[in-house]
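S.K.: Okay, predicted coordinates and the sequence, questions at the end:
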Amino acid sequence: MTFFAPSAPSTYVKFTNPGDSVSGYIEEVSEPFPVLEFNKDTPKLDSKGNPVMQVRVIMATDQDKGEGDDGGRSLYISGWRMRTAIGDAMKRAGEMSATPQPGSFLKLTFARLGQASHGMAPPKVYVAEYTKPSKAVQVTSPVTQAQGPRQPPTPPQPDANLWGGPQESAGAAPW
C-alpha cells in the first residue's frame, strides 16, 4: 500500500471480554504511526517522552454483522502484550519478516486478564496463531478488486502441539 492509495473499508476490532477473538487473512499492514491521546490531536507519549506507535492490520474475516459488512476488520496493534503475542506466533511459524505479511493467517485472542499492579487495571493477555502465506496466495484489497466482496477465510490446520496454549514470551516484536 502506498501513502496515497485508499485502504480497504473495514470495522475495527475491539477486545472487551476474555475469549474475544479475531481471525482471518491479512490483506494490508500499515507503516507505524503515532497513537493519539484520547479526545486530543496530540501523540501519546511513553515514559521516556517518545511517541507510542501503532500498526493497522486489515484482515479478511468471516465475521459478518449483516448487510453491507464484507468481513473486513482493522486490528490496531500498539500495546507490547499484543505485539509480543503476534511476534511470538510469527517466530513459531518460521516467519523471517519483521512484520506480519499479507496473505498470512492470523488469529488473535484476548485470553485472560493478568495481574494488576500499582493500582492499575489488570492488563489484557493475548495469545496468537500465525501461518505464513503460501507462495501461491495473492491477496488483493477490495479497493483494487472489482469482482466483489472478500471471501471468508478458511483457517489453516495448525499442528496440535504448536497451538497447545499460551507460550513463554520471546520478547516484543520489532514493529
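M.R.: That came in fine, so what should we check first?

S.K.: Now Gly71. Nearest residue, chain neighbours left out?
M.R.: Counting by C-beta to C-beta, 6 or more residues apart in numbering, Gly71 lies nearest to Thr61, which is 4.7 Å off, once chain neighbours are set aside. (Each C-beta comes from the backbone N, C-alpha and C, glycine too.)

S.K.: Report the central residue of the protein.
M.R.: Ranked by distance to the mean C-alpha position of the chain (C-alpha atoms, centre = their mean), the top residue is Leu75 at 4.6 Å.

S.K.: element containing it?
M.R.: Using DSSP states H and E, Leu75 falls within strand 72-77.

S.K.: Just to be sure, Ile86 is in a helix?
M.R.: Yes. Applying DSSP: H, G, I helix; E, B strand; the rest coil, one finds Ile86 inside a helix.

S.K.: Look up how far Met59 lies from it.
M.R.: For Ile86, the distance to Met59 equals 12 Å [C-beta to C-beta, to the nearest Å].

S.K.: Need the overlap of contacts for the two.
M.R.: Both Ile86 and Met59 are in contact with Leu106, where contact means C-beta atoms under 8 Å, 6 or more residues apart in numbering.

S.K.: chain center to the helix or strand bottoming out on mean pLDDT in the chain, what's the gap?
M.R.: The helix or strand of the chain with the poorest confidence is strand 11-12; it has a mean of 86 (mean pLDDT, DSSP states H and E). Its chain's average C-alpha position is 12 Å from that of strand 11-12, according to C-alpha atoms, centre = their mean, to the nearest Å.

S.K.: Fine by me, we can end here.
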